[in-house]
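> below: sequence and its predicted model.
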Amino acid sequence: MTLSLPSDVVSSTTSSGQVVLFSSMDRYHALVAELKATGFEMAIDLCAVDYLTQPGRNLPENIAPERFEIVVNLLSLSARQRVRIRLQVPAGKPLVPSIFDLYPGVEAMEREAYDLMGIAFSDHPDLTRILMPDDWEGHPLRKDYGLGRVPVQFKEAPGPR
Amino acid sequence: MTTIDPTIRTVERSSTLSFETSEGRQEMTPRDETKPGELSKEAGAVLRLPEGGVLDPSQIDLERPDDETMIINMGPQHPSTHGVLRLMLELDGETVLRTKSIIGYLHTGMEKTGEELTYVQGGTNVTRMDYLSPLHNEIAFSLAVESLLGIEAPARATWIRMIMGELNRVSSHLLWMATNGLDLGSTSMMIYGWREREMVLTFFEKVTGVRMNHNFIRPGGSAADLPDGWEDDVTVICDTVEARTYEYDELLTGQPIFRNRIEGVGAFTAEEAIALGVTGPLLRSTGVPWDLRRSMPYLAYDQVNFDVIVGTYGDNFDRYAIRLNELRESIKIIRQCIEKMPSGDYRIQDAKVTPPPRGRIDESMEALIHHFKIFTEGFTVPEGEVYVPVESPRGELGCYIVSDGSSKPLRIHVRAPSFVNLQVLPLMLRGGLLSDAVACISSVDPVMGEVDR
Amino acid sequence: MGLEQFPHNFVTAKVEDLVKWARYSSMWPVTFGLACCAIEMMGAGGADFDLARFGMEVFRNSPRQADLMIVAGRVSNKMAPVLRQVYDQMMEPKWVISMGVCASSGGMFNNYAIVQGVDQIVPVDVYAPGCPPNPETLMHAILTLHEKIRTGELTQRRAAGEPLRLDAKPDGWTPEVPDAVRVSTPR
């Protein structure tokens, strides 16, 4: 059995044959709710991507590229099917509706996206940092945040004892 | 005068004696300072209220008034050998009411590091995430890169990946049984588990050169072929470990103290597990027969016979039994791999992906150039994004790679099973004793390397 | 050498040697396994490599009962204050082995998240390289530490004269008073 996907959302299968749905911000929460009702019982993964260094990427025609993307992978155990949702998030207002009310399991994943990428989620029960110390400044996974590499000086090794 | 990168860490010392180990808003707060949604989450509520239902904090049945309970801190350094997990528990005597886990003590910035490494080097990075089953990380990463490249590893490489992956599952489950036994008080199990694990690690050292964090499975195949005589080594491992699983049965499975400590403890339902995104032995313990190797096969798992072990009650004993029997099933798979191992290339013969043999560099200019390009710049991967999951001993381990057409990934994200599985802890610990908490954490089998990445 | 060699019925030795022998023969490590190196450390405690022959199979969970801290694994910036706190709770005499390249120098992770060498936080006696080091490498590090104790000074304070790469406050830092070490971003 193959689950049918909502037809009003732009979809593509160019990603190595995997089905990807491109959603707009206002359609996002309702789309995820529809997919859950269709039979995608489990939210496998939610992550954030920063496209600052690749603004001109391949997207379907009527999708306007933004700096950030939220990528949600859903899984249907009964139909053995996966679907991916890509949501464009503007850099000026990185606020996304949380899908915690549909899938409680994304709580930690949304916190990680907030912590490392700085994308806030409305209606999240506890939007605090999860991986970095609480008083950290900045969002490390963003492209404009340096790696934090410490310059290493190689000195001559001492002779044998 | 060198300019200092503002993100460089420096060590300051304050003159106060208080240590800055507090993590501010990440910690558990008294009930009146906690928001209702967070309060219900810490108390173990998972399934949502029906439409229109609003949570009233006074309705959360937490049994004891606030001033008669105690919030204690467990970790990040604690005897339970599962890494740097910090738990804050609200206790009424010995009974756990609320749980909040604070992670990030092993955050290594691996996803950021992965953006600076080429696809050839990426394996060294991902392999250290789930350090108990490093080969599964490498398999997920290599499958994702191959998917983006549009290539397929040869048959022998696929079967080598399978046999190494299953041996890794054996060693991971042996380690779990050892640490679980130790957490519950059985030091003998710790010694036995490590004794068997050493056999597998010695074989890994023979094949890959290192005991852990091998960087053996690479895009295109594996780094080297299996050495001569590997069938005998693996057969010895299979026979010995299989016989010893019956020793473990004798030591643990029927033993009354062990049974009392883990039967009925940490139970949760399939509905709650699916809502939380829990996969692996935890999901199977609730009765859901979901194993990626059977349900959505990858590599050559559709060509081997094995059973998917499923529990009934979702308690700790089910998970112990599942892992013990998965060990036996993995040995079954390994024996079939020994018989069915095809001959052929262990790595794809694509010069753009696979470096040439070292000897040929002296002979052929083209080989030298390919070697140079692959190891300095790396091979480029076409633009695209892909998510490839595998079944690791802890659950669904997925690798999501976004490529911008260069030789380094734009974004590499690993869906770590333990990161998601840890969310089931408040549910498991609720209403149990503190010593049950130790058993439950052990039963979840978290690996903090992949939780924090 | 057996007691038959001695025509007398008593043995002489220096108190200093006896104390040093006692110290290195039953050094109890505190469980400070962080990442992959912790697995190899546990393997060293297992039956094949057996730390028990050095008197070290007892990994004390409470730092107050331990005298050796084997920092096994990568130390993140979030973990650094915890590391210092556990170290300060240990009683003198105490030693630190930095196991693995991540603990010794940051390893392959030269980035925002990892402390580049645990010797920025605690004074280290022996560094064991490897990623992860073999249990045999760890045992070599332990034996080196034993050698260091056996041939070293009994009463020399470890911090005296040893370069610690920490920014010293102008009013000085004495080893007797444990001071707070805060790892933070520069403002």
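Alright, I've got the coordinates. Residues are numbered from 1 along each chain as shown, chains lettered A, B, ... in the order given.

> please pull out the lowest mean pLDDT helix or strand from the chain.
Reading this off chain A. The helix or strand of chain A with the lowest confidence, counting by mean pLDDT, DSSP states H and E, is strand A:10-15 at a mean of 71.

> quick check: next helix or strand after it?
Next helix or strand after strand A:10-15 toward the C-terminus (DSSP states H and E): strand A:18-23.

> quick check: closest non-adjacent residue to the residue in chain C that chain B sits nearest to.
Per Cβ to the nearest Cβ, residue C:46 is where chain C lies closest to chain B, at 3.2 Å. Placement of C-beta: from N, CA and C, glycine included. With Cβ to Cβ, 6 or more residues apart in numbering or on different chains as the criterion, residue C:46 has its nearest non-adjacent residue at 3.2 Å, and that residue is residue B:194.

> quick check, the one you found in contact with residue C:40.
No - look at residue B:194 against residue C:40 with Cβ atoms under 8 Å: they stay out of range, at 10.9 Å.

> pLDDT below threshold where in chain C?
Across chain C, the ranges flagged by pLDDT under 70 are C:1-7, C:155-187.

> for the lengthiest helix in chain A, packing partners?
Ranked by residue count, the top helix of chain A under DSSP state H comes out as helix A:25-38. When contacts are defined as 3 or more Cβ pairs under 8 Å, 6 or more residues apart in numbering or on different chains; DSSP states H and E, helix A:25-38 packs onto strand A:68-76, strand A:81-89, strand A:95-97.

> does chain A sit close to stretch B:264-284?
Yes - for stretch B:264-284, a contact with chain A is found by Cβ under 8 Å from any Cβ of the partner chain, at B:274, B:275, B:276, B:277, B:278, B:279.

> which residues touch residue 63?
Unless you meant another one, I'm taking chain A. A:10, A:22, A:88 (Cβ atoms under 8 Å, 6 or more residues apart in numbering or on different chains).

> the chain in question should be chain C.
Counted by Cβ under 8 Å, 6+ apart, residue C:63 has contacts C:30, C:69, C:86, C:87, C:89, C:90.

> next, give phi and psi for the residue nearest to residue B:348 when sequence neighbours are not counted.
For residue B:348, ignoring the flanking residues on the chain, the nearest one in space by Cβ to Cβ, 6+ apart is residue B:220 at 4.3 Å. Main-chain dihedrals, residue B:220, degrees, to the nearest 10: phi 110, psi -20.

> higher neighbour count, residue B:194 and residue C:40?
residue C:40 (29 against 23; other Cβ atoms under 10 Å in any protein chain shown).

> all strands for chain C, in order.
Along chain C, counting by DSSP state E, strands occupy C:29-30, C:68-72, C:95-99, C:126-128, C:182-184.

> which one of the ones you listed lies nearest to chain A?
Here strand C:182-184 is closest among the strands of chain C (Cβ to the nearest Cβ), at 7.5 Å.

> nearest to chain A among the residues of stretch B:264-284 next to chain A?
Using Cβ to the nearest Cβ, residue B:277 is the member of the residues of stretch B:264-284 next to chain A that sits closest to chain A, with 3.0 Å.

> can you pull the contacts of residue A:68?
Neighbouring residues of residue A:68 by Cβ under 8 Å, 6+ apart: A:48, A:49, A:50, A:51, A:88, A:89, A:90, A:91, A:94, A:117, A:119.

> would you reformat these as TSV and include distance to residue B:433 and neighbour count?
Putting the contacts of residue A:68 into TSV (distance: Cβ to Cβ, whole Å; neighbours: other Cβ atoms under 10 Å in any protein chain shown) gives the following:
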residue	distance to residue B:433	neighbour count
A:48	39	27
A:49	43	22
A:50	45	25
A:51	49	21
A:88	48	19
A:89	44	23
A:90	49	12
A:91	49	14
A:94	43	20
A:117	39	23
A:119	39	22
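
> pick the one among those closest to chain B.
Nearest member of the contacts of residue A:68 to chain B, counting by Cβ to the nearest Cβ, is residue A:49, at 4.6 Å.

> nearest residue to residue B:198 other than its sequence neighbours?
Residue B:198 sits nearest to residue C:48 (Cβ to Cβ, 6+ apart), 4.4 Å away.

> same question for residue C:152.
residue C:20 (7.8 Å).

> ditto for residue B:282
Nearest one to residue B:282, counting by Cβ to Cβ, 6+ apart, is residue B:421 at 5.7 Å.

> in which helix or strand would I find that neighbour?
In this structure, residue B:421 sits in helix B:417-421 according to DSSP H and E.

> now for that helix, which elements pack on it?
Judged by 3+ Cβ pairs under 8 Å, 6+ apart, helix B:417-421 is in contact with helix A:107-117, strand B:395-403, helix B:448-452.

> switch the cut-off to 6 Å
Packing partners of helix B:417-421 (3 or more Cβ pairs under 6 Å, 6 or more residues apart in numbering or on different chains; DSSP states H and E): strand B:395-403, helix B:448-452.

> need the contact list for the nearest residue to residue C:44 once chain neighbours are set aside.
Counting by Cβ to Cβ, 6+ apart, residue C:44 lies nearest to residue C:135, which is 3.6 Å off, once chain neighbours are set aside. Under the criterion of Cβ atoms under 6 Å, 6 or more residues apart in numbering or on different chains, the contact partners of residue C:135 comprise C:40, C:43, C:44, C:49.

> try it again with 10 Å
B:198, B:201, B:211, C:39-46, C:48-51 (Cβ atoms under 10 Å, 6 or more residues apart in numbering or on different chains).

> just to revisit the earlier point, what about the helix holding residue B:421, average pLDDT?
Averaged across helix B:417-421, pLDDT comes to 93.

> determine how far it lies from the middle of the whole chain.
Centroid displacement of helix B:417-421 relative to its chain, using Cα atoms, centre = their mean, to the nearest Å, is 8 Å.
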